[in-house]
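**Q** got a predicted model here, sequence first, then my questions.
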Amino acid sequence: MATIRAAGPTAQRLIALGTVGSACLAITLGAFRAGTGTPHLGDLLPLLLAIGLAGCIVQAHRSPLMLGGKATIHVTSIPMYLAVVLLPPALAGVAVGLGTLGGGLVGCRVCYNPLRHVATHAARLGLVAVLASSAMRNAA
C-alpha cells in the first residue's frame with residue numbers, strides 16, 4: 001500500500017511561488033488586454049471602488065464575528081463578491097488578492113501562519129476572482 005507523504009518546505013515554497021507567479025501573470029495580461037484609450041475621470045471610479053473593497057476585506061479579517069465562546073467567522077465573501085461583480089476582471093483580481101494578503105498579514109501575528117501560506121492563499125483567491133469575473137462578463 002502506498003503512503004502519502006506531506007510536501008516538504010521546499011515543495012511548499014515552489015507551489016507558493018508558482019501560484020503567486022501565475023496570479024501575477026494572469027492579472028498583468030488582463031490589465032494589458034483591458035487598457036486602451038486615454039484615461040479620464042470615469043476610470044478613477046473603479047480604482048477607488050477596488051481600493052475600498054480591498055480595505056473592506058482587510059477589515060473583515062481584522063474583526064471576525066464571534067460565535068459562541070471560541071468560534072469566529074471572517075465574513076470576507078461579501079466584498080469579494082462585490083469586487084467580482086462590479087469591477088473588471090484584472091482589477092477584481094488585484095482587489096481580492098491585495099485585500100486577502102493584507103488581511104492575512106494582519107492575522108499572521110495571531111494564528112502564526114507562515115508568509116508563504118498567506119501569499120499562496122491571496123494569489124489563489126486573486127486568480128479565482130479573475131476567472132469568476134471573466135466568466136461572468138463572457139456569460140452576459
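**A** Everything's here; your move.
**Q** list the contacts for residue 106?
**A** With contact taken as CB atoms under 8 Å, 6 or more residues apart in numbering, residue 106 is in contact with 58, 61-62. Bear in mind the C-beta positions are built from the backbone N, C-alpha and C, glycine included.
**Q** show me which of the residues you listed are buried.
**A** 58, 61 (16 or more other CB atoms under 10 Å).
**Q** closest one of the contacts of residue 106 to residue 87?
**A** Of all the contacts of residue 106, residue 87 sits closest to residue 58, with 16.5 Å by CB to CB.
**Q** I'd like the next helix or strand past whichever strand or helix holds the closest one.
**A** Here residue 58 sits within helix 44-62, counting by DSSP states H and E. Using DSSP H and E, the helix or strand that follows helix 44-62 towards the C-terminus is strand 65-67.
**Q** can you give me the helices for this protein?
**A** Remark: helices assigned in the chain by DSSP state H are 9-34, 44-62, 77-86, 89-111, 115-139.
**Q** of all those helices, which lies closest to residue 69?
**A** Nearest to residue 69 among the helices of the chain is helix 89-111; the distance by CB to CB comes to 17.0 Å.
**Q** tally up the residues packed near residue 100, please.
**A** Neighbourhood size, residue 100 [other CB atoms under 10 Å]: 26.
**Q** again, but for residue 68
**A** Residue neighbour count, defined by other CB under 10 Å, stands at 6 for residue 68.
**Q** residue 91 and residue 50 touch, don't they?
**A** Yes. Here residue 91 reaches residue 50: they are 4.9 Å apart, a contact under CB atoms under 8 Å.
**Q** now do the shared contacts for these two.
**A** Residues touching both residue 91 and residue 50 by CB under 8 Å, 6+ apart: residue 83.
**Q** on that earlier part again, report the lowest-confidence entry in the contacts of residue 106.
**A** Sorting the contacts of residue 106 by pLDDT puts residue 62 at the bottom of the list (80).
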